[in-house]
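S.K.: quick check, what structure comes out for this input:
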Amino acid sequence: MKIIYSSDIAMSLSGQDEEEIDAKDASSLDSALRMIYERHPALKKEIDDGDILIHHNGEATIDAVGREVKDSDTIEFAPVILGG
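M.R.: Just a heads-up that it's a prediction; the model follows:
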């Protein structure tokens with residue numbers, strides 16, 4: 001599964017712009033996110049604070065619980081874009 005850190009915050013916290021994880025180790029989106037947070041614990045706080053958005057296969061996610069993932073999926077940590 002491809003993990004993309006497109007937010008400047010996510011990129012600086014992870015130290016990279018993307019990485020791969022094995023979806024066999026994650027049965028759902030929430031378990032995949034827990035794996036990522038174990039590697040990069042500071043990401044969770046930024047997401048909880050609303051500074052980073054999570055996109056699963058290009059779709060913004062609000063609830064990751066029970067959402068199935070496959071090895072061909074993409075999870076992106078995207079910047080929050082505000083306009084007015």
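S.K.: use CA for all of it now, contacts and neighbours both
M.R.: OK.
S.K.: mind naming the longest helix for the chain?
M.R.: helix 29-39 (DSSP state H).
S.K.: give me the next element, helix or strand, following that helix.
M.R.: Using DSSP states H and E, the next helix or strand after helix 29-39 towards the C-terminus is helix 42-48.
S.K.: buried set for that next one?
M.R.: If you call a residue buried by 16 or more other C-alpha atoms under 10 Å, then helix 42-48 has these buried ones: Leu43, Lys44.
S.K.: residues contacting it, please?
M.R.: For helix 42-48, the external contacting residues (C-alpha atoms under 8 Å, 6 or more residues apart in numbering) are Ala10, Leu13, Ser14, Tyr37, Ile52, Leu53, Ile54.
S.K.: who wins for most neighbours among those?
M.R.: For the contacts of helix 42-48, the largest number of neighbours (other C-alpha atoms under 10 Å) sits with Ala10, at 27 neighbours.
S.K.: ok so that one is a helix residue?
M.R.: Yes - Ala10: assigned to a helix according to DSSP: H, G, I helix; E, B strand; the rest coil.
S.K.: state the mean pLDDT of stretch 58-75.
M.R.: Mean per-residue pLDDT for stretch 58-75: 86.
S.K.: repeat for stretch 23-31
M.R.: Stretch 23-31 comes out at a mean pLDDT of 84.
S.K.: any idea how far apart the tips of that stretch sit?
M.R.: 10 Å (C-alpha to C-alpha, to the nearest Å).
S.K.: how about it, which residues are buried there?
M.R.: Ala23, Ala26, Ser28, Leu29, Asp30, Ser31.
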